[in-house]
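Participant: The following block contains a protein sequence and its predicted model.
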Amino acid sequence: MSVAKFTLQQEIQALYSNHHGWLYAWLRKKLSCSYRAADLTQDIFVRLLCREEPILIQEPRAFLTTVAKRLLANHWRREQFERIYLEALAQAPQGLAPSPEERAILLETLLEIDRVLEGLPPLVKRTFLHAQLDGMSQAEIATELSISITTVKRYLLRACTQCYFGLALS
């Protein structure tokens, strides 16, 4: 084990020892659920352990709050996706409903697409999703979104580039 990795582990161990209880209480208050708070608290420290570079924290609680807020945003986005997905499944004919395994794979795929497209403007995302998920032509997308076909092409190129580089970094 390198000296840098050992130092990072010691730093995170001290952070865990000194601030785990505070972070757990903070998350429990935000989530109103002790189980989710415990899971997210552990997720935060696991993510920190996976880092390669030192953290060099001046204000530990401010740092942990920032990390926790990001994780909470991801958590709430995932819950929203699950709710929307389950509502869509409920409206599908009974014989076409996917198995629980297929549902889990589909949900993970949707979350991965959302993660890769994160940071793109909403109109660029909608253009991409209309093309990829709805199978709409560029002309149909242009009409639906009240934009030009040239803009549709530009948006699709931007979204595809984001997907390519987003998946390459995963």
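Facilitator: Done, it's in. Numbers count the residues shown, from 1 in each chain.

Participant: Just the pLDDT for Pro93.
Facilitator: The pLDDT attached to Pro93 in the predicted structure is 76.

Participant: List the residues that contact it.
Facilitator: Residues near Pro93 by Cβ atoms under 8 Å, 6 or more residues apart in numbering: none. Where C-beta positions appear, they are placed from N, C-alpha and C, glycine not excepted.

Participant: Remind me what the helix or strand hosting Ala25 packs against, helices and strands.
Facilitator: Following DSSP states H and E, the helix or strand that holds Ala25 is helix 3-31. If contacts are counted by 3 or more Cβ pairs under 8 Å, 6 or more residues apart in numbering; DSSP states H and E, helix 3-31 sits against helix 34-49, helix 60-91.

Participant: so how far is that helix from its chain's centroid?
Facilitator: Relative to its chain's centre, helix 3-31 lies at 22 Å (Cα atoms, centre = their mean, to the nearest Å).

Participant: what separates the nearest residue to Leu15 once chain neighbours are set aside from Ile105, distance-wise?
Facilitator: Of all residues not flanking Leu15 in the chain, Pro60 sits nearest, at 5.8 Å (Cβ to Cβ, 6 or more residues apart in numbering). Computed as Cβ to Cβ, to the nearest Å, the Pro60 to Ile105 distance reads 38 Å.
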